[in-house]
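# Fold the following for me, if possible:
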Amino acid sequence: MIKIEEAYDIVINSAVTLTTEKVEFNNSLYRILAEDVKSDIEMPPFDKAAVDGYACKSSDVDLELEVVESVQAGQTPLIKVGNGQCTQIMTGAPVPEGIDTIVMVEHTEKNNGKVKVLIKSTKTNISHRAEDVKEGQVVLQKGIQIKPQHIAIFASVGYTNVLVYKKPKVGIISTGDELVEPNEKPGLSKIRNSNGHQILAQVSAMGAQAKYFGIAKDTEEDTFRIVSEALSESDTIILSGGVSMGEFDFVADVLKRAGINILFDSIAVKPGKPTTFGVADKKFCFGLPGNPVSSFIQFELLTKPLLYRLMGLNFKPVEIRLPMAVEYSRKRTVRKSYIPVLIENGKIKPIEYHGSAHIHALNKADGIISIPIGVNTLKEGEIVDVRQI
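Alright, predicted model coming up:
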């Protein structure tokens, strides 16, 4: 049995980044960028008005100004502004030659075609050429996960064919004769397969390609058949169930038979002690516990970082530090423990939790917190890290 930190290092150090492909920029959302993106133009490409107002010489702001032209965004000024003159200008329009200030329309009064400045300002209200981005400047760096705001940047610099890392293909298998699919009503001694579909959703939510291979019966041959099929089509396979110490828990043996080199099969963590991880020829395999809370948390702790690393992302979970609303205690301290929590009024409140089969405990959870090995109590007011989920 190894610590969760050791398990994480083994998983991450085993990962290899997948190859790349190009996709149309509107189809690149949440993919991982595989190259730096440089601007092919200056931004702004010209001096432009930052406000609606009147473009003039700062030396003339005490005068009544004659309006010689009106320029909208997308138009080019045609008349040179002389002394005692101004151009009415709209936000985004090019600034006329020789102009060094724009007075906001709210700070002026217009009478009989003349404009008088009522409020003087030290602001020029001009966005100068290339003050945001210079031509050839890196605007997005390799390795980021593409978000909606990045799509706007792609568009602004003409980067329409985006180089991204390929999505890992992930095969998902549930094991156990006790399982039936969710559309079936379970009979005596049967339960619905919730964690297999939970894992399917977790994989899909992070942008990987998920394929569900169904439920493997509690026979070594059927499990080997499905594992072999999934391995042939996937970069990573995830099994749930069959990794404990029972008579029918032979997943580890099946994985070895399929050519998987098992790197660990037990972690000093709760929930999720019987978690298995192995590799074979740039393919990766997780055997997660059959209880849904265990499989959910171990996916978040170990599987998600590996899948993101395959996609070229150095995944860092979102964590916030908050005080405990109440004291929380546990009896056994030999394993690191993770518990679901709510965030209420800026404080952390543990959710009523009946163990790793209690999937409804995650229903309203804002995140999970950990209790280190050897620690049995988190005191009220103690500051802890909340890993958001």
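# in which helix or strand would I find residue 110?
Residue 110 belongs to strand 108-111 when assigned by DSSP states H and E.
# which parts of that strand are buried?
Buried residues in strand 108-111, counted by 16 or more other Cβ atoms under 10 Å: residue 108. (Glycine included, C-beta is placed from N, CA and C.)
# before we move on, what about stretch 121-134?
So stretch 121-134, judged by 16+ other Cβ under 10 Å, has buried residues 124, 125, 126, 127, 129, 130, 133.
# now swap in stretch 339-353 and tell me
Within stretch 339-353, the residues that qualify as buried are 339, 340, 341, 343, 348, 350, 351, 353, counting by 16+ other Cβ under 10 Å.
# Can you tell me what sits against it?
Around stretch 339-353, the neighbours that count as contacts under Cβ atoms under 8 Å, 6 or more residues apart in numbering are 293, 322-326, 328, 361-362, 364-369, 371, 384, 386.
# Pull out the buried members of these.
Applying 16+ other Cβ under 10 Å to the contacts of stretch 339-353 flags 293, 322, 324-325, 328, 361-362, 365-369, 371, 384, 386 as buried.
# quick revisit: tell me which entries of the buried residues of stretch 121-134 lie within strands.
126, 127 (DSSP state E).
# residue closest to the middle of this structure?
residue 145 (6.5 Å; Cα atoms, centre = their mean).
# can you pull the contacts of the closest residue to residue 39 other than its chain neighbours?
Nearest residue to residue 39 in three dimensions, chain neighbours excluded: residue 157, at 4.3 Å (Cβ to Cβ, 6 or more residues apart in numbering). Residue 157 makes contact with 37, 38, 39, 40, 41, 43, 133, 139, according to Cβ under 8 Å, 6+ apart.
# strands paired with the host helix or strand of the last one, and their directions?
Pointing back at residue 139 there. Element membership for residue 139, per DSSP H and E: strand 138-140. With DSSP bridges as the test, strand 138-140 is paired with strand 37-38 (antiparallel).
# Lowest pLDDT pick from the buried ones among the contacts of stretch 339-353?
Lowest pLDDT within these is found at residue 361 (79).
# Please report the distance of it from residue 321.
According to Cβ to Cβ, to the nearest Å, residue 361 stands 23 Å off from residue 321.
# ok, now residue 104?
Taking Cβ to Cβ as the measure, residue 104 falls 43 Å from residue 321.
# Looking at these two now, which is surrounded by more residues?
Neighbours per residue (other Cβ atoms under 10 Å) separate residue 104 from residue 321, with residue 104 holding more: 16 against 9.
# Contacts only, for the more buried one.
Counting by Cβ under 8 Å, 6+ apart, residue 104 makes contact with 51, 52, 53, 121, 125.
# Hmm, the third one is touching residue 103, no?
Yes. Taking contacts as Cβ atoms under 8 Å, residue 53 lies within contact range of residue 103: 5.0 Å.
# any shared contact partners between these two?
Here residue 53 and residue 103 have residue 125 as joint contacts, going by Cβ under 8 Å, 6+ apart.
# more crowded one of these two?
Using other Cβ under 10 Å, the more surrounded residue of residue 53 and residue 103 is residue 103, with 27 against 24.
# Okay, strands next: where are they in the stretch 101-250 of the chain?
With DSSP state E, counting those that start in this stretch as the criterion, the stretch 101-250 of the chain has strands at 101-104, 108-111, 114-117, 126-127, 138-140, 161-165, 169-175, 179-180, 191-192, 209-216, 236-240.
# Could you dump these into TSV and include distance to residue 11 and mean pLDDT?
TSV is the format used below for the strands of the stretch 101-250 of the chain (distance: least, Cβ to Cβ, whole Å; pLDDT from 0 to 100):
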stretch	distance to residue 11	mean pLDDT
strand 101-104	57	97
strand 108-111	64	94
strand 114-117	65	96
strand 126-127	47	96
strand 138-140	28	97
strand 161-165	18	98
strand 169-175	14	96
strand 179-180	26	90
strand 191-192	29	88
strand 209-216	19	95
strand 236-240	11	95
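# follow-up on the earlier one: identify all residues paired with the residue nearest to the centre of the chain through a beta bridge.
Note on residue 145: beta-bridge partners residue 32, judged by DSSP bridges.
# Do I have it right that it meets residue 29?
No. Residue 145 lies out of contact with residue 29 (Cβ under 8 Å); the separation is 9.3 Å.
# how far away is residue 158 from residue 53?
Residue 158 is 31 Å from residue 53, by Cβ to Cβ.
# do residue 167 as well
Taking Cβ to Cβ as the measure, residue 167 falls 49 Å from residue 53.
# Of all pairs in the buried residues of stretch 339-353, which one is the farthest apart?
Maximum pairwise distance among the buried residues of stretch 339-353 (Cβ to Cβ): 15.9 Å, between 343 and 353.
# show me where pLDDT drops low in the chain?
242-249, 355-358 (pLDDT under 70).
# Looking at it, which residue reaches furthest from the middle?
Largest centroid distance in the chain under Cα atoms, centre = their mean is residue 112 at 57.1 Å.
# and the gap between it and residue 67?
11 Å.
# do residue 204 as well
Residue 204 sits at a distance of 58 Å from residue 67 (criterion: Cβ to Cβ).
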